[in-house]
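Colleague: structure, please.
(2 chains)
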Amino acid sequence: MSSITPPLIAGCSLAVACATLSIFVISRRWALLGEGISHSGFGGAGTVWLLMLLFPSIEHSTWPTYVGVVIACLATAFAIGFLTRGGRINSDAAIGIFMVASLAWGFLAQQVFVHVRQFNPVAWNMLLFGQFDIGLEFAIGAAAICAAVVGVVAFLSKEIIAYCFDPTMALAAGVRVGFIHYLLMTLVALTIIVGVSVAGSVLVTALLVLPGASAVLLSDRLRSSIAASILIGLAGAIGGLLIHFWRDFVPRGPAIVLVLFAEFLIAYAYSRFARRVRLSPAVSL
Amino acid sequence: MSLFAFSRSDRDKLSSFTSMPNLVDITSLDFAYGQQTVLQNIDLAISAGTTLGLIGPNGGGKTTLIRLLLGMLEPTGGTIRIGGLTPIQAVRRGDLLGYLPQNPRVPAQFPISVRQFVRLGLVGKTGMLRSHSHHDLDFVESLLPRVGIADLAERPIHALSGGQLQRAFIARALAPSPKLLLLDEPTTGIDRGGQQRFIEFIAELKGDLGLTIVFVSHDLRAVSSISDRIACLNQTLHYHDVPDHLPADLVYRMFACDLEAMGIRGGHVCTHGADEPHSHPLETVTRRHAPTP
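Modeller: The predicted model follows:
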């Protein structure tokens, strides 16, 4: 049981934080932002792998790779935030630029490492699909970061809602939109840093997108949408982790993502059914 | 007692503005996007409690002037003062400016109600890490029936029609009890009858709330029926007082000709053309109110 507890703590905390941000990420059309930031983590890891060739004493430790991921994610979040602020570059273009560059750098570094050492760098598979060993200390740290993310969203909810609804109108109403813009980028980056260890850099975006996308199909009230998003995220994280522990050849990341995707399909089918029921009296006329 | 009666604190605040000679003072304002000059040597003063109609062709700088007033752009020369403050200071107060954007739209599926949407207008005034005051929330509740959306308050904002949405945006702009209301092309896309009702609605709100209004439009007929003064903006600014007791239609014809003389062509019709250059009785009025240098 002890081995399931830390991933459950980290996974549930992450699910709550991502689901809280999810509605806002979708409304700002930042669905691919998570993808851009998480893949930049791959570039950060690649830089660390090249450094490992210079400093072989650290090449069997996991933590330097994770530090590289953290630094790259935060730096990329601010870089994307800077480029997209004021419409200098569209967000999808900015995200695409960093995503492809980071992926290219990460793969290049991995190939160089394999060429020199004849084996894959540490954390290679873990980084892609979320197979880091999660200890209790990491889980508690992840829970603290996720709690901080939820707390910031709760305390600045009216500013974040105003900004996500329409940045120009928020600016005209006196909201410090620059601060909120970078704050949201930072919050997304923090959840991704935690999420890379749980779901992997390829799949962490699912936790930021699918809960909110499912929730807005079920409710048109903000509070109930966020509540639904959190429940959907929690169900996905717990369901995916249980599948992983039931059949340990199933990696955590894909299991969580596929449960979330199944929830989205159910929510979509329900929303279509509910809409048809609402429309049926008019149709019968 | 009217729902819109001002409290003592509101009156005190308002009197501090109305006692000022001008709510907006623009002096020698220049603005350029790179090498392209958009506004040149603009001098404009707007007295508290008046309505300024701002007309001009597309690309003439109307929306740029609004964005400068909102602090979204920095002037390349000159100064703007709103209630004695710079535009950024004025906007960050949260209770000095209200803004109705051109073609207001809402993001699809953003899950907030009309009431929550209108309350977003209070966010800057309330400030970070604080809850809205009861006084402000009560004022928002009083605005909903005033703008005709009380029965829609719990509807999702994205479910409103175009006209209902515009009223919701006006309620949001008025939520913090602003002194200055900026309306950017508010009658675009509304039919003639709807425009007239909108003008009457705005005029009524202005009287009730003691607003100063900047009404931006390329529709001279709409502008002329509500404005105390009309400014014609096409990189440079020419402005006029609207003579008292002059029917709106005559004002419309007067300024239509004036605009054409400036080389501004819109959808308006100049009724005293080349065939009868001196026959219209407004001729003398036009001369008397010739553009000021």
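Colleague: identify the bridge partners of B:Q36.
Modeller: With DSSP bridges as the criterion, B:Q36 is bridged to B:Y33.
Colleague: what's the nearest residue to the closest residue to chain B within the stretch 151-285 of chain A if we skip its chain neighbours?
Modeller: For the stretch 151-285 of chain A, the residue closest to chain B is A:G174, as judged by CB to the nearest CB, at 1.9 Å. The C-beta positions use only the backbone N, C-alpha and C, and glycine is treated the same way. The shortest distance from A:G174 to any non-neighbouring residue, by CB to CB, 6 or more residues apart in numbering or on different chains, is to B:G124 (1.9 Å).
Colleague: helices and strands around whatever helix or strand A:P254 lives in, which ones?
Modeller: Assigned by DSSP states H and E, A:P254 falls within helix A:252-284. Counting contacts by 3 or more CB pairs under 8 Å, 6 or more residues apart in numbering or on different chains; DSSP states H and E, helix A:252-284 packs against helix A:5-27, helix A:124-129, helix A:177-198, helix A:205-218, helix A:222-246.
Colleague: show me the shaky parts of the chain.
Modeller: Assuming you mean chain A. A:1-2, A:86-87, A:129-132, A:279-285 (pLDDT under 70).
Colleague: hmm, I had chain B in mind actually
Modeller: For chain B (pLDDT under 70), the answer is B:1-21, B:189, B:239-293.
Colleague: give me the neighbour count for the closest residue to chain A within it.
Modeller: Nearest residue of chain B to chain A, counting by CB to the nearest CB: B:G124, 1.9 Å away. The tally of other residues near B:G124 (other CB atoms under 10 Å in any protein chain shown) stands at 26.
Colleague: surely it and A:V175 touch.
Modeller: Yes. B:G124 is within contact range of A:V175, at 5.3 Å (criterion: CB atoms under 8 Å).
Colleague: what residues do those two have in common as contacts?
Modeller: Counting by CB atoms under 8 Å, 6 or more residues apart in numbering or on different chains, B:G124 and A:V175 have no shared contacts at all.
Colleague: if we can go back for a sec, for the residue of chain B closest to chain A, give me its contacts.
Modeller: Applying CB under 8 Å, 6+ apart, we find B:G124 in contact with A:A170, A:A173, A:G174, A:V175, B:V91, B:R92, B:R93, B:G94, B:D95, B:P176.
Colleague: neighbour-wise, which one of these leads?
Modeller: Top of these by neighbour count (other CB under 10 Å): A:A173, with 30 neighbours.
Colleague: adding distance to B:M72, write the helices and strands packed on helix A:252-284 out as TSV.
Modeller: Shown next, in TSV, are those (distance: least, CB to CB, whole Å):
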stretch	distance to B:M72
helix A:5-27	21
helix A:124-129	41
helix A:177-198	10
helix A:205-218	29
helix A:222-246	27
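Colleague: switch the ones you listed over to a markdown table; also include distance to chain B and mean neighbour count.
Modeller: Formatted as a markdown table, those follow (distance: least, CB to the nearest CB, whole Å; neighbours: other CB atoms under 10 Å in any protein chain shown):
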| stretch | distance to chain B | mean neighbour count |
| --- | --- | --- |
| helix A:5-27 | 5 | 25 |
| helix A:124-129 | 31 | 19 |
| helix A:177-198 | 9 | 24 |
| helix A:205-218 | 5 | 26 |
| helix A:222-246 | 4 | 20 |
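Colleague: of all the ones you listed, which lies closest to A:V259?
Modeller: A:V259 lies closest to helix A:222-246 among the helices and strands packed on helix A:252-284, at 4.0 Å (CB to CB).
Colleague: for the closest one, packing partners?
Modeller: Packing partners of helix A:222-246 (3+ CB pairs under 8 Å, 6+ apart): helix A:5-27, helix A:205-218, helix A:252-284.
Colleague: returning to that earlier point: does the residue of chain B closest to chain A count as helix, strand or coil?
Modeller: Counting by DSSP: H, G, I helix; E, B strand; the rest coil, the backbone at B:G124 sits in helix.
Colleague: return the residues in contact with residue 163.
Modeller: Assuming you mean chain A. A:Y163 makes contacts with A:A170, A:V175, A:V177, A:I180, A:H181, A:L184, as judged by CB under 8 Å, 6+ apart.
Colleague: my bad, chain B
Modeller: B:I190, B:G194 are the contacts of B:G163 under CB under 8 Å, 6+ apart.
Colleague: which element is it on?
Modeller: Short version, using DSSP H and E: B:G163 is in helix B:162-174.
Colleague: for that helix, which positions count as buried?
Modeller: Of the residues in helix B:162-174, B:Q164, B:L165, B:Q166, B:R167, B:A168, B:F169, B:I170, B:A171, B:R172, B:A173, B:L174 count as buried by neighbour count, 16 or more other CB atoms under 10 Å in any protein chain shown.
Colleague: surely the second one is in contact with B:L100?
Modeller: No. The pair B:L165 / B:L100 is not scored as a contact, 11.0 Å apart, by CB under 8 Å.
Colleague: rewinding a little: so the residue of the stretch 151-285 of chain A closest to chain B makes contact with B:G98?
Modeller: No. If you go by CB under 8 Å, A:G174 and B:G98 don't touch, sitting 10.8 Å apart.
Colleague: tell me how many other residues surround A:D166.
Modeller: When neighbours are counted by other CB under 10 Å, A:D166 registers 23.
Colleague: OK, contacts around it?
Modeller: Here A:D166 is in contact with B:V106, B:P107 (CB under 8 Å, 6+ apart).
Colleague: state the distance from it to A:I226.
Modeller: 19 Å (CB to CB, to the nearest Å).
Colleague: about what we covered before: would TSV of the contacts of B:G124 with secondary structure and distance to A:V153 be doable?
Modeller: Formatted as TSV, the contacts of B:G124 follow (DSSP: H, G, I helix; E, B strand; the rest coil; distance: CB to CB, whole Å):
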residue	secondary structure	distance to A:V153
A:A170	helix	16
A:A173	coil	19
A:G174	coil	20
A:V175	coil	15
B:V91	helix	24
B:R92	helix	22
B:R93	helix	26
B:G94	coil	21
B:D95	coil	26
B:P176	coil	24
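Colleague: for these, which one is nearest A:I243?
Modeller: For those, the closest approach to A:I243 (CB to CB) belongs to A:A170, at 41.3 Å.
Colleague: ok, and the closest non-adjacent residue to the closest one?
Modeller: Leaving aside its sequence neighbours, A:A170 sits nearest to A:A162 (CB to CB, 6+ apart; 4.1 Å).
Colleague: so which helix or strand takes in the one you found?
Modeller: Using DSSP H and E, A:A162 sits within helix A:157-165.
Colleague: just the CA trace of that helix, in CSV.
Modeller: The C-alpha trace of helix A:157-165 is given here as CSV (Å, rounded to 0.1, in the frame of the first residue of the first chain):
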residue,chain,number,x,y,z
SER,A,157,-10.5,34.6,-8.9
LYS,A,158,-12.3,37.7,-9.9
GLU,A,159,-9.2,39.2,-11.6
ILE,A,160,-8.5,35.8,-13.3
ILE,A,161,-12.1,35.5,-14.5
ALA,A,162,-12.2,39.0,-15.8
TYR,A,163,-8.8,38.5,-17.6
CYS,A,164,-9.8,35.2,-19.2
PHE,A,165,-13.2,36.4,-20.3
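Colleague: residues in contact with the top helix by length along chain B?
Modeller: With secondary structure taken from DSSP state H, chain B has its longest helix at helix B:192-209. For helix B:192-209, contacts defined as CB under 8 Å, 6+ apart pick out B:2, B:4, B:51, B:146-147, B:163, B:166, B:170, B:174, B:177, B:181, B:183, B:186-187, B:190, B:211, B:213, B:215, B:219, B:221-222, B:225-226.
Colleague: with distance to A:Q118 as added columns, please give the helices and strands packed on helix A:222-246 in TSV.
Modeller: Shown next, in TSV, are those (distance: least, CB to CB, whole Å):
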stretch	distance to A:Q118
helix A:5-27	32
helix A:205-218	33
helix A:252-284	27
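Colleague: alright, I will stop here.
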